[in-house]
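> following is a predicted model, sequence given first.
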Amino acid sequence: MDLSVVVPTLNARDELGDCLSALQRQVPGAEVIVVNGPSADGTTGMVQKRGDVDVLVEIADRTINVARNAGIERATGTNIALVNHTLRVTADWAEAMRSGLDRTAVVTGPTWAGGDVSGSEIKSERRQIAGRDVTYLNPGNAVFYREVLDSLDGFDEYLNVGGTRDIAHRIAATDYDVTWDESMAVRSELTADGGQQRTDRGWKYRSLAYRLVKNYYLRPTVFRRLCGHAGAEALEEFRSVVWGDGTPSNWLGTGRDVCLNTVRGIKDGFGARRQDRAPRRNPNGITQRADRAVAVYDWR
């Protein structure tokens, strides 16, 4: 199979080494592209010494969607996989990927926490929004027909978080389908609640508002979703105050941050919708800039 694997990384040299070794074992012959941006732990030197990386792209921007796009634009495969640098593909990953791509244009699967399938960190999630059936992708484990990424112009670089959820909405607006395959799994050495970073609430709601408005306009279903998410979070924070685990000032500060970022996301979502009226809904995609890379090492 003509496959390119894009691995964005940042300050995780040892985990990246394990990820690359697993790819070499399970999908030998695949084109491997590492996008490093910008690490300060010796990642560049480590990658340069390996013989199983085809391209190393150094970028200055720490945004994950910039890293994804920088790798995609240098990939030559007709199929492109995105794998998180802290994860390892499993023994069944390659066969499940091939089988899935025989049926649909996009395939994604779970992350096993601590290497145990019973402790899956990321599971299948589907929603119906404004008549679209949306299958969300595992951000660290997905493979696409190249034509899908080309038609959508890659990922939206406005987003610091939620890029794979945004592209799932945009895929749902096309004729392409997504398959969730439990066998196409990646493994994390962390337990389900270990080592996970807490998402910045401001960006969480800014991203949510932006991608919903950009993809669906501010229709009643979108408004209900925004209010529902914000209301649930406010109730959770209020309970922490009642039980003494939080303070009223933190609760109010969080509420202000959520409200301000939701409004900004709505405004920027309207702007993005005006900028790109095409079905791809991506005014910040791969073709919009050519200055992502500060250095490229190509050993192909």
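Sure, I can see it.
> rest of the way, CA atoms for contacts and neighbours
Noted.
> neighbours of residue 247, just the number please.
Taking other CA atoms under 10 Å as the criterion, the count of residues near residue 247 is 15.
> and it, its phi and psi?
Backbone torsions of residue 247, given as degrees, to the nearest 10, read phi -120, psi 150.
> residue ranges for the strands of this protein, please.
For the chain, strands defined by DSSP state E occupy the ranges 3-9, 31-36, 55-59, 79-83, 88-89, 106-108, 111-113, 120-122, 126-129, 132-135, 141-145, 178-180, 186-188, 293-298.
> among those, which is nearest residue 226?
Shortest separation from residue 226 across the strands of the chain is recorded for strand 126-129, at 12.6 Å, computed as CA to CA.
> hang on, the earlier thing: so which of the strands of the chain gets nearest residue 18?
Residue 18 sits nearest to strand 88-89 of all these, at 6.9 Å, using CA to CA.
> could you say what helices and strands the closest one packs with?
Secondary structure elements in contact with strand 88-89, counted by 3 or more CA pairs under 8 Å, 6 or more residues apart in numbering; DSSP states H and E, are helix 13-26, strand 186-188.
> which of the strands of the chain has the lowest average pLDDT?
Averaging pLDDT over each of the strands of the chain singles out strand 120-122 as the lowest, with a mean of 68.
> low-confidence ranges in this structure?
Flagging of the chain using pLDDT under 70 yields the residue ranges 1, 115-121, 190-199, 234-235, 237-238, 241-242, 251-252.
> where exactly do the helices run in it?
Per DSSP state H, the chain has helices spanning 13-26, 43-49, 64-72, 93-103, 146-152, 163-172, 201-216, 220-242, 248-275. These are given in chain order.
> what packs against the longest one?
Right, helix 248-275. helix 201-216, helix 220-242.
> nearest to residue 24 among these would be which one?
For residue 24, the closest of those is helix 201-216, at 34.8 Å, according to CA to CA.
> now the closest one - C-alpha only, PDB.
The C-alpha trace of helix 201-216 is given here as PDB (Å, rounded to 0.1, in the frame of the first residue of the first chain):
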ATOM      1  CA  ARG A 201     -11.200  26.100  28.800                       C
ATOM      2  CA  GLY A 202     -11.000  29.400  26.800                       C
ATOM      3  CA  TRP A 203      -9.700  27.600  23.700                       C
ATOM      4  CA  LYS A 204     -12.100  24.700  24.300                       C
ATOM      5  CA  TYR A 205     -15.200  27.000  23.900                       C
ATOM      6  CA  ARG A 206     -13.600  29.300  21.300                       C
ATOM      7  CA  SER A 207     -12.900  26.200  19.200                       C
ATOM      8  CA  LEU A 208     -16.400  24.700  19.800                       C
ATOM      9  CA  ALA A 209     -18.200  28.000  18.800                       C
ATOM     10  CA  TYR A 210     -15.900  28.600  15.800                       C
ATOM     11  CA  ARG A 211     -16.300  25.200  14.200                       C
ATOM     12  CA  LEU A 212     -20.000  24.900  14.800                       C
ATOM     13  CA  VAL A 213     -20.800  28.400  13.400                       C
ATOM     14  CA  LYS A 214     -18.300  27.900  10.500                       C
ATOM     15  CA  ASN A 215     -19.800  24.600   9.500                       C
ATOM     16  CA  TYR A 216     -23.500  25.000  10.300                       C
END
